[in-house]
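**Student:** build me a structure from this.
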Amino acid sequence: MKRFVFATGLMNVLGGILFAVPDALLLVGIEAPANRFWLLLPALFLAFLGVILIFSSRDLANRATIVFWDGFSRVTAFFVFLWFGLCAGMGNMVALLGIVDLAVALVYFVGLPRALDRGFLSILLDRHGTAG
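**Tutor:** Coordinates of the predicted model:
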């Protein structure tokens with residue numbers, strides 16, 4: 001699970017770089033908005049989350065809550081990307097990225113509790129099961 005969290009963090013950092021490089025999105029089939037702000041905002045968001053995931057992968061037992069909440073942001077990204085891809089005309093690749101985000105979130109939600117032998121709510125609410 002540590003490697004998966006690290007890999008998704010690295011994927012986020014690389015995605016942030018992709019959004020920041022001018023015209024790079026066209027190479028993967030995503031139509032970029034005219035205003036650069038709407039490219040740099042997700043670039044910074046992705047890079048920041050990527051660094052946090054890489055950092056969290058080093059100690060999942062104590063930082064699993066961070067990864068879990070990133071899973072919720074990925075579920076939100078799924079709905080946003082699906083809308084942008086299918087309804088706002090940004091291309092099917094954006095919708096596909098949303099589906100990938102949903103799959104990663106599901107792996108977090110199922111895999112972390114199994115890997116750490118803790119319950120879903122225990123991780124979500126950062127309860128380690130120790131008294132006092």
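**Student:** quickly find the element holding the most centrally placed residue in the chain.
**Tutor:** The centre of the chain sits closest to residue 74, judged by C-alpha atoms, centre = their mean, with a distance of 4.8 Å. Assigned by DSSP states H and E, residue 74 falls within helix 60-86.
**Student:** now that helix, how far from the centre of its chain.
**Tutor:** 5 Å (C-alpha atoms, centre = their mean, to the nearest Å).
**Student:** which other helices and strands contact that helix?
**Tutor:** Other helices and strands packing on helix 60-86, by 3 or more C-beta pairs under 8 Å, 6 or more residues apart in numbering; DSSP states H and E, are helix 2-20, helix 37-57, helix 92-116, helix 120-124. C-betas here are computed from N, CA, C, even on glycine.
**Student:** save the ones you listed as TSV, and put in distance to residue 80, mean neighbour count and mean pLDDT too.
**Tutor:** Output for the helices and strands packed on helix 60-86, formatted as TSV (distance: least, C-beta to C-beta, whole Å; neighbours: other C-beta atoms under 10 Å; pLDDT from 0 to 100):
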stretch	distance to residue 80	mean neighbour count	mean pLDDT
helix 2-20	14	17	93
helix 37-57	10	17	92
helix 92-116	7	17	94
helix 120-124	22	16	93
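**Student:** and those helices: which comes nearest residue 65?
**Tutor:** helix 120-124 (5.9 Å; C-beta to C-beta).
**Student:** what's the offset of that closest one from the middle of its chain?
**Tutor:** In terms of C-alpha atoms, centre = their mean, the centre of helix 120-124 is set 18 Å apart from its chain centre.
**Student:** again, but for stretch 17-37
**Tutor:** Here stretch 17-37 is found 18 Å from its chain centre; the criterion is C-alpha atoms, centre = their mean.
**Student:** stretch 122-130 too?
**Tutor:** On the basis of C-alpha atoms, centre = their mean, stretch 122-130 sits 22 Å off its chain's mean C-alpha point.
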